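S.K.: Provide a 3D model corresponding to the input given below.
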Amino acid sequence: MQKGYTLFRRRVFFIFCFTPICPSLETQSMKDATLNFLKEEHIDQEKHINQTEVQFHELFDIAEIQKTQDLFAKVNGVASIITDPSGHPITKLSNFCRFCKIVRQTEIGCSNCHRSDAMIGQYHPSGPIIQKCLSGGLWDAGVSITVGEKHIANWLIGQVRNSEQNEADMRAYARKIGADEAEFMEAFFDVPEMTLERFKEIADMLFLIVDKISSLKSQNLRQSALLLERKKNRARLELLSKAVEHAAEAVVVTDKDGNIEYANPIFEKITGYTLAEVKGKNPRILKSGKHDESFYKILWETISNGKVWQGTFINRKKDGTLFHEEGSIAPVKDSNGEISHFVAVKRDITEMLNIELRLNQAYKMEAIGTLAGGIAHDFNNILFPILGYAEMVKQMPDDGELVKMAIDQIYHSGMRAKELVNQILTFSRQDEQVVAPLNLKPLIKESVKFLRSSIPASVDVQLTIDPEYSMKINADATQMHQVIMNLVTNAFQAIPNKVGKIEISLDSFAVEESHSKYLKLPEGHYARLTVSDTGIGIPRENINRIFEPYYTTKAKGEGTGLGLAVVHGIVKKCQGNVFIYSDEGRGSRFTVYLPAVENCGDKRASGDKSETIPRGKGETILLVDDEKEVLQMEKMMLERLGYNVITLFDSIKALSIIEKDLHRFDLVITDMTMPQVTGIDIARKVKSIESTFPVIICTGLVDDVDIALSHEMSIGAILSKPIQLAELARTIRRVLDG
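M.R.: The predicted structure is shown next:
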């Protein structure tokens, strides 16, 4: 038997051996075995069996099905076995007869059996395959077992004979295959005899049983997969819920009309509003008033059209505090493709913006320190003609022409000093950005001129601007000034022994499709600023870190490493990009691309240079300042304009006079910073007596003045020293006549 079983491996089939069907055999044991076989098998819910990967042993208890197969063979008188689609046995043979063993021991007989096995083991979902075995002519049948449309096994039966297999034919076949004729015929007559009609009935019954098994198992598999998928979906939803609840970003879900249905805990932490307080309300409760209606209109149009909106908000918390948010709002669609909800994911970037502001300010201070020597140099050059010409004027009071020329030179030098101070204050002040169309050409010229005085003559600074350059960019002038200063200062610090060259150039560049991917910029026109040096260069391993904040290759005390990070941040905000090329030991080249502003005309006023200076009408002005030289000069200016002027050097005394005799005056002009009493104190005293009385405050540093408070007190004007005569005249008339 073992040898015959081995030869039978390729396509094993069940053979129904004929025995008389006795009703007593159709007992409860057969019913129980069938019920056990059909009973729904438990599939581990933690293991998802893919229908394209399912195996027979994963769905059926092999021991249980072996009992069913053995009983089926015994009751119906056939041989029986279950194989996988490739013919390998899954169960053991039931009712295997000696005849097949003899046939398979011969070469020809075994070959015929294999060919017969291959035919009967084919996939046949519509019904059983019934045929004569090619080796010996016994009747065989095969039924496919399919689960989830996957052919996973064959139930094969057979080894029965009928009258069609006569003795003469069988003896001839024994001789043909080389079997022992006597042994062959003895085994042949041991094979059960069965009519073909009965064999077909048994095969049809087997097909119905197997079809029912396949259907039940497919349904069971689908239900198990569905249950598992539902379990996974629940797990995913629980995980998503936990992730949203513990997310560092605020998550808000609204209905299609924008009414809030859900907000996670971080939303409450950021805004101060609980879910109960905002549920059913519109997110407009967070509006700060810092965005115009067009901002919200564009947002709503974007998400209503099924697109994702991304941007930043300035919103207001429950306690009234303003905060900055960066976020995205995405539409959620139902099964019909209609928008049912909106999901907003936002994060508070207020602190990040504050850090960025402090980062920029820190580098400004570092740059100011670097430029201190140059500033001192410029001031000395400015003071030299002021003092020199003033000394000459004292010695030639009668030569009117020379005096006028000297005074002109003193005036121009003074204006240079004023511009230099304004540059320093603008560069160092933490003002809000003023983004507007900007021509880089004069800005670069001014910056380079400012920088030359701080860089030794041993370093050659060359500036090249394309004569055809005329475009403007959309940027803040102070930040662009900072970009230029940072790049040039960085180049200077990279030059060893302070002997070398720095080249600065500005031109126009058209980014075409061939450049766009490499430059990571949209196609269009750009201003291209290039700063190169003959310094030590940057090692290849450091190139990718060069724009990181606080990363520096400089020795301790030579810099913070903030400069290039600041440049990178400013350029990115302008929708541009910055690139570096460096050859270690031979220098570096930084190239900045900034997008041009389309159709931007020159908005400079074309006012008349010979504008008439408005004069006074004999009004009386109280002038208060603790600097005697300033007080005297301002008195002379005001009297030349036609005003009566009362001056006070003592601010405490000024308070007393104002309290006793304010109506003697038409206007009060006071310095801001004075000992004991400030300009705001004087203005407050004036306003306490007469709220509409005109007051002008003069200051050497605008930051010393509380602008909000001055507006609240209705201060007429704030003037920055040094004050030009025309500016003073126009301001006084505006305040008095206004």
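
S.K.: Pro152 - nearest residue in space that isn't next to it in sequence?
M.R.: Rather than Pro, residue 152 is Ile. In this structure, Ile152 finds its nearest non-sequential neighbour in Phe56, 4.8 Å apart by Cβ to Cβ, 6 or more residues apart in numbering. Glycine gets a C-beta too; all of them are placed from N, C-alpha and C.

S.K.: That neighbour against Ile145, yeah?
M.R.: Yes. Between Phe56 and Ile145 there is a contact under Cβ atoms under 8 Å: 7.3 Å.

S.K.: Compare the two and say which is more crowded by neighbours.
M.R.: Comparing Phe56 with Ile145 by neighbour count (other Cβ atoms under 10 Å), the higher total belongs to Ile145, at 23 against 19.

S.K.: Am I right that the more buried one falls within a strand?
M.R.: Yes. Under DSSP: H, G, I helix; E, B strand; the rest coil, Ile145 falls within a strand.

S.K.: So it versus Ile129, what's the distance?
M.R.: 13 Å (Cβ to Cβ, to the nearest Å).

S.K.: Now the helix or strand hosting Val345 - C-alpha only, PDB.
M.R.: Val345 is located in strand 339-348, with elements delineated by DSSP states H and E. Written as PDB, here are the backbone C-alpha positions of strand 339-348 (Å, rounded to 0.1, in the frame of the first residue of the first chain):
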ATOM      1  CA  ILE A 339     -19.100  68.600   1.000                       C
ATOM      2  CA  SER A 340     -20.500  67.700   4.400                       C
ATOM      3  CA  HIS A 341     -17.900  69.100   6.800                       C
ATOM      4  CA  PHE A 342     -14.700  71.100   7.000                       C
ATOM      5  CA  VAL A 343     -11.700  70.200   9.100                       C
ATOM      6  CA  ALA A 344      -9.200  72.900  10.300                       C
ATOM      7  CA  VAL A 345      -5.800  72.000  11.700                       C
ATOM      8  CA  LYS A 346      -4.000  75.000  13.200                       C
ATOM      9  CA  ARG A 347      -1.100  75.700  15.500                       C
ATOM     10  CA  ASP A 348      -0.200  78.700  17.500                       C
END
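
S.K.: what helices or strands is it leaning on?
M.R.: Using 3 or more Cβ pairs under 8 Å, 6 or more residues apart in numbering; DSSP states H and E, the elements in contact with strand 339-348 are strand 250-255, strand 322-333.

S.K.: now, of these, which is deepest in the fold?
M.R.: Most buried of the helices and strands packed on strand 339-348, by mean neighbour count (mean count of other Cβ atoms under 10 Å): strand 250-255, with a mean of 19.

S.K.: I'd say Asp117 and Gly87 touch.
M.R.: Yes. Counting by Cβ under 8 Å, Asp117 touches Gly87, with 6.4 Å between them.

S.K.: Tell me how far stretch 618-625 lies from the chain's centre.
M.R.: On the basis of Cα atoms, centre = their mean, to the nearest Å, stretch 618-625 sits 61 Å off its chain's mean C-alpha point.

S.K.: How far off centre is stretch 175-191?
M.R.: Using Cα atoms, centre = their mean, the offset of stretch 175-191 from its chain centre is 82 Å.

S.K.: same check, this time on stretch 262-281
M.R.: In terms of Cα atoms, centre = their mean, the centre of stretch 262-281 is found 24 Å from the chain centre.

S.K.: Quick check: buried residues in it?
M.R.: Buried residues in stretch 262-281, counted by 16 or more other Cβ atoms under 10 Å: Ala263, Asn264, Ile266, Phe267, Glu268, Ile270, Thr271, Tyr273, Val278.

S.K.: Where does the prediction get shaky in the stretch 551-700 of the chain?
M.R.: Along the stretch 551-700 of the chain, the model assigns pLDDT under 70 to residues 551-563, 598-611.

S.K.: mind listing the helices in it by residue range?
M.R.: 563-573, 628-640, 651-661, 679-689 (DSSP state H, counting those that start in this stretch).

S.K.: what packs against the first one?
M.R.: Contact partners of helix 563-573 among helices and strands, from 3+ Cβ pairs under 8 Å, 6+ apart: helix 350-395, helix 477-494, strand 577-583, strand 587-595.

S.K.: which strands and helices sit next to the third one?
M.R.: If I follow you right, that is strand 577-583. The helices and strands touching strand 577-583, judged by 3+ Cβ pairs under 8 Å, 6+ apart, are helix 563-573, strand 587-595.

S.K.: and the angle from it to helix 563-573?
M.R.: Angular relation of strand 577-583 and helix 563-573 on a 0 to 180 degree scale: 140 degrees, by axes from the mean of the first three to the mean of the last three Cα atoms, to 10 degrees.

S.K.: What residues sit buried inside strand 577-583?
M.R.: Asn577, Val578, Ser582.

S.K.: List the single closest residue to Lys307 in space, sequence neighbours excluded.
M.R.: Nearest non-adjacent residue to Lys307, counting by Cβ to Cβ, 6+ apart: Pro331, 7.6 Å away.

S.K.: so the one you found makes contact with Gly306?
M.R.: Yes. Counting by Cβ under 8 Å, Pro331 touches Gly306, with 5.3 Å between them.

S.K.: Need the overlap of contacts for these two.
M.R.: Shared contacts of Pro331 and Gly306, defined by Cβ atoms under 8 Å, 6 or more residues apart in numbering, are found at Ile339.

S.K.: where's the residue lying closest to Ile130 once chain neighbours are set aside relative to Val592, distance?
M.R.: Of all residues not flanking Ile130 in the chain, Ala141 sits nearest, at 4.7 Å (Cβ to Cβ, 6+ apart). Applying Cβ to Cβ, the value for Ala141 to Val592 is 84 Å.

S.K.: Over to Val103?
M.R.: 90 Å.

S.K.: so how far is stretch 458-466 from its chain's centroid?
M.R.: So, by Cα atoms, centre = their mean, the centroid of stretch 458-466 is 40 Å from its chain's centroid.

S.K.: and what of stretch 114-128?
M.R.: With Cα atoms, centre = their mean, you get 59 Å for stretch 114-128.

S.K.: oh, and call the first residue 141 from now on, that's how I've got it
M.R.: From this message on, residue numbering opens at 141, which makes the last subject stretch 254-268.

S.K.: Any idea how far apart the tips of that stretch sit?
M.R.: 19 Å (Cα to Cα, to the nearest Å).
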